[in-house]
Each structure stands twice: as C-alpha cells, then as structure tokens.
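S.K.: One predicted model, sequence on top.
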Amino acid sequence: MQVRLKYYFLIFAGLCLTVSLNAQVNRYSLNSSNEQLDWRIKSSTDVGNQFDALKESGFDDADWVIATVPGTVYGSYVEQGLEETPEYGDNVYQDRVDGKGIYEDNYWYRTEFEIPSHEGFNHVWLNLAGINRDADVYFNGHLLGSIHGHVYRGKYDITEFVQQGPNTLALLVYVPIPPMNCSASPTYIASASWDWMPYVPDLNMGITDEVFLSFSNDVTMIDP
C-alpha cells in the first residue's frame, strides 16, 4: 500500500510540474514591472495630430509621463512626483494637473515590445484583465476593439498583426464623464464620492488590471 501511494504521489507531482511549466511558457507579462517594457501616458489634447503616428513602432514618446501598469493615470502622475501624495493633508484637493478638480481629458497609453519565443503555439493573444471605464485598443496600428464598462476585460487574437522586431500596443482610455449616478457604479461610489470623501482626481481611469500575452493552438478552453 505504501509503495502504491508513493507511486501515485510521483504521478501527481509530475502532473503539477507539467502544468506549472506550461503555464510559465504560455504567458508573458506586459505589466510595467516587466523591465523589457516602457509604458508611457499623455493626454489626448497634448498628443495633438500625432494620433496615427503614436500607434506605430518608432514613435518618440520620451517626453510622455512614465506610466504604472496596472494603475491609474493619476497614480502614475503621483509616482512620478508630478502630483502630491493624495493621502496626506488636503493634497487630494490640490492635485490638478490640468488646472481643474478632475482630469477632464482622455489619455493615451503606449508601449513597444518584442514577442517572446512561443514555439509549439500558433496563436498569440493579447489579454487585458481590466480597464476603467472605456478604451480603444490598438496593436501595430490596427484597432482591435473597444472596451466599455468598469474594470471590463478584453481578449484579442493578434496573430495576424504580429511583426518582427518591436510591436506597439496603444490604448486610448476615456475619462469617466461626470456627473455620474448609481448606474456608473462602482466607479461612482469608489471615485466620485459620497459626502464624506473627495473626488478621486481622475475618477480612477486607466489600465487597472494586468496586461499579458498568452499563446495557444487552434482550440482553447477557458473558464470551464
């Protein structure tokens, strides 16, 4: 009996190791914690007529603000020292990058990266685990789709658009437009306050959850 249990345990351990290795190969983080990526943000007004150019590789975004992904636009400004720490004193009432009480502009996010080796897989997927609230998603100049809703997810097959060398991911994130009501919850409750807390300056707009690539063959099974 003891020998049989050891045998089953070894099989189980081997399966766990196989699943773990496959999971590692099958996923590539596009978060800003990945040192291979350099996320940047800039307001759509300041971008001006560079709308088409920024969606392609080689665009100069050196003067854009360094972005934290996952995170919010306002959070990135705080981390870069362009806004005061909001949890201290009445700083949150003073933080006004655009001279107003909230950020009343849409913001572009962009980054460039090379697709890692994915031998054995013939499909490349772009995964967005959460956007607040609305965004247009572009990959190498192609509009993949639009996301609408609080922390809504998006998943796109980008296989046909992948290119050798740098690939460009750009998102136009739309600011939640006040006044909001309960139909816009939880953005409304968590960002636009009740009578006991200030507005979050950007109403928590941004790429609010993980971004990553995944790889598969022709058939996948998700959330069984």
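M.R.: Good, I have the coordinates.
S.K.: Please count neighbours and contacts with C-alpha atoms only from this point.
M.R.: Fine.
S.K.: Counting neighbours, what do you get for the nearest residue to Arg27 once chain neighbours are set aside?
M.R.: The shortest distance from Arg27 to any non-neighbouring residue, by Cα to Cα, 6 or more residues apart in numbering, is to Ser214 (4.5 Å). Residues within reach of Ser214, counting by other Cα atoms under 10 Å, total 20.
S.K.: Can you give me the separation between Ser214 and Asn204?
M.R.: 27 Å (Cα to Cα, to the nearest Å).
S.K.: distance between the ends of stretch 203-210?
M.R.: One end of stretch 203-210 to the other measures 19 Å (Cα to Cα).
S.K.: mind listing the strands in the chain by residue range?
M.R.: Along the chain, counting by DSSP state E, strands occupy 27-29, 40-43, 65-66, 107-113, 123-132, 134-139, 142-148, 152-157, 167-174, 206-207, 211-216.
S.K.: and the second one, which strands flank it?
M.R.: Put plainly, it is strand 40-43. strand 65-66 (antiparallel), strand 107-113 (antiparallel) (DSSP bridges).
S.K.: Around the residue lying closest to Gly154 once chain neighbours are set aside, how many other residues sit close by?
M.R.: Distances taken as Cα to Cα, 6+ apart place Leu128 nearest to Gly154, at 5.0 Å, with adjacent residues excluded. Residues lying near Leu128 (other Cα under 10 Å) number 22.
S.K.: Let me know whether Leu172 touches Arg133 as I believe.
M.R.: No: counting by Cα atoms under 8 Å, Leu172 does not reach Arg133; the two are 10.9 Å apart.
S.K.: which residues touch the residue nearest to Gly154?
M.R.: Contact analysis of Leu128 by Cα atoms under 8 Å, 6 or more residues apart in numbering lists Arg153, Gly154, Lys155, Asp209, Glu210, Val211, Phe212.
S.K.: shouldn't the residue nearest to Arg27 be in contact with Leu126?
M.R.: Yes: taking contacts as Cα under 8 Å, Ser214 lies within contact range of Leu126: 6.7 Å.
S.K.: which stretches of the chain form helices?
M.R.: Remark: helices assigned in the chain by DSSP state H are 2-25, 44-47, 73-79, 91-94, 187-191.
S.K.: circling back: partners of the residue nearest to Gly154 in the sheet?
M.R.: Counting by DSSP bridges, Leu128 forms beta bridges with Gly154, Val211.
S.K.: From Asn31, how far out is it?
M.R.: With distances taken as Cα to Cα, Leu128 is found 10 Å from Asn31.
S.K.: Need the overlap of contacts for the two.
M.R.: Taking Cα under 8 Å, 6+ apart as the criterion, Leu128 and Asn31 both touch Glu210, Val211, Phe212.
S.K.: got the strands of the chain as CSV, with mean pLDDT columns?
M.R.: Listed next are the strands of the chain as CSV, based on pLDDT from 0 to 100:
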stretch, mean pLDDT
strand 27-29, 93
strand 40-43, 96
strand 65-66, 97
strand 107-113, 97
strand 123-132, 94
strand 134-139, 96
strand 142-148, 95
strand 152-157, 91
strand 167-174, 97
strand 206-207, 95
strand 211-216, 95
